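Participant: Sequence and predicted model, in that order:
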Amino acid sequence: MIVKIFNKVGLKAYMYSFTFSLAVIFLINYCKHHKDWNINNIFEILILWIIFAFFTFFVSFLQSKKSSSKLSGTHLLTFPLVFLFFPNGPGLAFSKIVIGLILVYSEHIFIKALFSKSKNKYLFDLSIFISIIVLFNIALLIFYVFPIIVVFKQKLYNIKSLIAFLFPILLIPFIFYSLTAIVPYDLFGHANNTLNIQPWGCSDQTNGEWVWFVILTVSIYVTIFIRPKGNEQSSAFLFMTIWLYLSLFIGFLGLNLDQERWLLGFIPAAYFFGVFIENMKSDRLKNSVIFLAAIFMVIFKLLDFEIL
């Protein structure tokens, strides 16, 4: 029954997804603040819900733009479900919201750069977006691997392509630091310009992080053993795979991501969990996995925060 609602993207799927998202966010917020929960938490819940709903819609919209996309609404379900598994840190910062949105859109640009005739234009756009996220965290320099892949896969070995790739790397920091001379620096959020390595250690991790590793393990399994059909879908899969592994690299080293060391990997993890569900053979099995995962995580959250 659950899976049938999300077999295709439509108004009904969106309504159920947004309702489920609201329930998940309410549960997590209540668990974190149950000892001093008050009416002010409702505002925090609504803000996060709007942001989360927008992310979900944005991903769905970009998926619909793929010419080879067999659009399914599975991700409308897996995004809030996977959020239940996420080890909840201090909350979403402006910079992390911007980074997430830019990387989601960069996946769209990456595919355009590979399959459009205007390859240099999209290479330029991709380099601009990666240059913007690097302003927030110097560790995100490794995401320049995406325009580099475009250069090598499309054999763009000419001056025009070189300029399209390198010019944004110089232009964006120049514009940013010029603006900070005019407007308050804090307006752009907190930027990390130095690499502070805080390696992940087994001994001091929370129960929530160990549960999150279940989703990461499933995601890694999908990247190794499942192959999508269609050129655009394969390229999207490649982008998400690289994003996942780069986020794990940054997360395990703790490169300036504070307590939310795993947040960068949330979107690709939700994407791959959706692929995992879609590749199950029967609807009964899909429904069972989704239902049991949701029930398990609700009970786990209540126990972990000592509510039960």
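Facilitator: Ah, there it is.
Participant: Now stretch 36-49: average pLDDT?
Facilitator: Averaged across stretch 36-49, the pLDDT comes to 89.
Participant: and it, which residues are buried?
Facilitator: Asn41, Ile45, Leu48, Trp49 (16 or more other Cβ atoms under 10 Å). Using the backbone N, CA and C atoms, a C-beta is placed for each residue, glycine as well.
Participant: so where's the stretch 201-308 of the chain uncertain?
Facilitator: 201-204, 256-259 (pLDDT under 70).
Participant: just the helices in it please.
Facilitator: For the stretch 201-308 of the chain, helices defined by DSSP state H, counting those that start in this stretch occupy the ranges 207-225, 231-253, 266-278, 283-304.
Participant: For Phe26, find the nearest of those helices.
Facilitator: helix 283-304 (11.4 Å; Cβ to Cβ).
Participant: now the angle between helix 266-278 and that closest one, please.
Facilitator: 140 degrees (axes from the mean of the first three to the mean of the last three Cα atoms, to 10 degrees).
Participant: helices or strands up against helix 283-304?
Facilitator: Helix 283-304 sits against helix 2-5, helix 11-33, helix 74-85, helix 207-225, helix 266-278, with contacts defined as 3 or more Cβ pairs under 8 Å, 6 or more residues apart in numbering; DSSP states H and E.
Participant: for it, which positions count as buried?
Facilitator: Buried, per 16+ other Cβ under 10 Å, within helix 283-304: Lys286, Asn287, Val289, Ile290, Ala293, Ala294, Met297, Phe300, Lys301, Asp304.
Participant: give the contact list for the most centrally placed residue in the chain.
Facilitator: In the chain, the centroid-proximal residue (Cα atoms, centre = their mean) is Ile267; its distance is 2.3 Å. Going by Cβ atoms under 8 Å, 6 or more residues apart in numbering, Ile267 touches Phe55, Val59, Gly100, Leu103, Val104, Met240, Trp243.
Participant: pull the longest helix from the protein.
Facilitator: helix 40-64 (DSSP state H).
Participant: Remind me which helix or strand Gln198 belongs to.
Facilitator: Using DSSP states H and E, Gln198 falls within no helix or strand.
Participant: ok, now which ones touch the residue lying closest to it once chain neighbours are set aside?
Facilitator: Spatially, and ignoring its direct neighbours in sequence, Gln198 is nearest to Gly254 (3.2 Å; Cβ to Cβ, 6 or more residues apart in numbering). When contacts are counted by Cβ under 8 Å, 6+ apart, Gly254 touches Asn196, Ile197, Gln198, Pro199, Trp200, Arg261.
Participant: What number of residues are in the vicinity of Val214?
Facilitator: If you count neighbours by other Cβ atoms under 10 Å, Val214 ends up with 14.
Participant: Name the member of the contacts of Gly254 with the most neighbours.
Facilitator: Neighbour-wise, those (other Cβ under 10 Å) top out at Arg261, 22 neighbours.
Participant: wait, that one sits on Gly251?
Facilitator: Yes - using Cβ atoms under 8 Å, Arg261 is in contact with Gly251, at 4.5 Å.
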